[in-house]
Every structure is written in C-alpha cells, then in structure tokens.
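Q: Below are the sequence and a predicted model for it; my questions follow.
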Amino acid sequence: ALAAGHTASELWIKLAVSGFLYYTYNEVAFLALSEVAPVTHAVTNTVKRVVIILASVVVFKTQITPLGQLGSALAIFGAMMYSLAKGKYK
C-alpha cells in the first residue's frame, strides 16, 4: 500500500476503521445469535456468503466457475428447504 502512494497514517486509520467495523459485525452476530436458534443463524450466515459472492460477481464482474454456481445454488436451495421445514413444523 505504501508503494501505491498511501501514507502510513492513512494505513493506520484504515486499519482502525476495519477493526472497528469487524468488531461491530461480531457484536451484531452475537446479538442475532441470542435471538434465533443456532441452526437458523448458521443458515442465514450461509445465505449472507452467497449474497456477497453474487454481489462481487455483479459489482466487480468476477467470473464464477460452474462449481461455484452449483455451490451457490445448493446453498440457496438448502436455505429455502430449511425455511420451509421450519415453517411447517413450527
């Protein structure tokens, strides 16, 4: 980053902001975990990862392999099946 023209103070500020945002993310994740079942939390975390992958494909025009497409589809299908099963047996 220094070679790209960023100063050391910019790097420290970005590091501090990144650390704070990750800490906040973890706090929110623990708050969510206290409100929902652990399996529900795991399923939503999986869906979140798929959304991030799809967003990177759209925003950064990243290519996704057929295996990646299959994995994303499987994750979405699994989350949908979990949601249907949970609604049926609730």
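A: Yes, it's here. Numbers count the residues shown, from 1 in each chain.

Q: tell me which residues in stretch 67-87 are buried?
A: For stretch 67-87, a neighbour-count test (16 or more other C-beta atoms under 10 Å) marks 72, 75, 79, 82 as buried. (Glycine included, C-beta is placed from N, CA and C.)

Q: Would you mind measuring from the second one to Ala37?
A: Meaning Ala75. Distance, Ala75 to Ala37, by C-beta to C-beta, to the nearest Å: 18 Å.

Q: after the biggest helix by length in the chain comes which helix or strand?
A: With DSSP state H setting the assignment, residue counts place helix 8-35 as the longest helix in the chain. Next in sequence after helix 8-35, counting helices and strands by DSSP states H and E, comes helix 38-60.

Q: that older thread, if you average the pLDDT over the longest helix of the chain, what comes out?
A: For helix 8-35, the mean pLDDT works out to 93.

Q: on contacts alone, who are the packing partners of that helix?
A: The elements that helix 8-35 packs onto, with contact taken as 3 or more C-beta pairs under 8 Å, 6 or more residues apart in numbering; DSSP states H and E, are helix 38-60.

Q: before we move on, back to that, out of the buried residues of stretch 67-87, which sit inside helices?
A: 72, 75, 79, 82.

Q: and the residues you listed as TSV, adding pLDDT?
A: Converted to TSV, these look like this (pLDDT from 0 to 100):
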residue	pLDDT
Ser72	89
Ala75	89
Ala79	88
Tyr82	88
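
Q: is it true that Thr40 touches Lys86?
A: Yes - using C-beta atoms under 8 Å, Thr40 makes contact with Lys86 at a distance of 7.4 Å.

Q: returning to what we had before: which one of the ones in helices among the buried residues of stretch 67-87 is nearest Thr44?
A: Ala79 (7.7 Å; C-beta to C-beta).

Q: Regarding Gly5, what is its secondary structure?
A: State at Gly5, reduced to three classes by DSSP: H, G, I helix; E, B strand; the rest coil: coil.

Q: Let me know how buried it is, in neighbour terms.
A: If you count neighbours by other C-beta atoms under 10 Å, Gly5 ends up with 7.

Q: The chain should start at 74 in everything you say after this.
A: Got it, the first residue is 74 from now on, which makes the last one we talked about Gly78.
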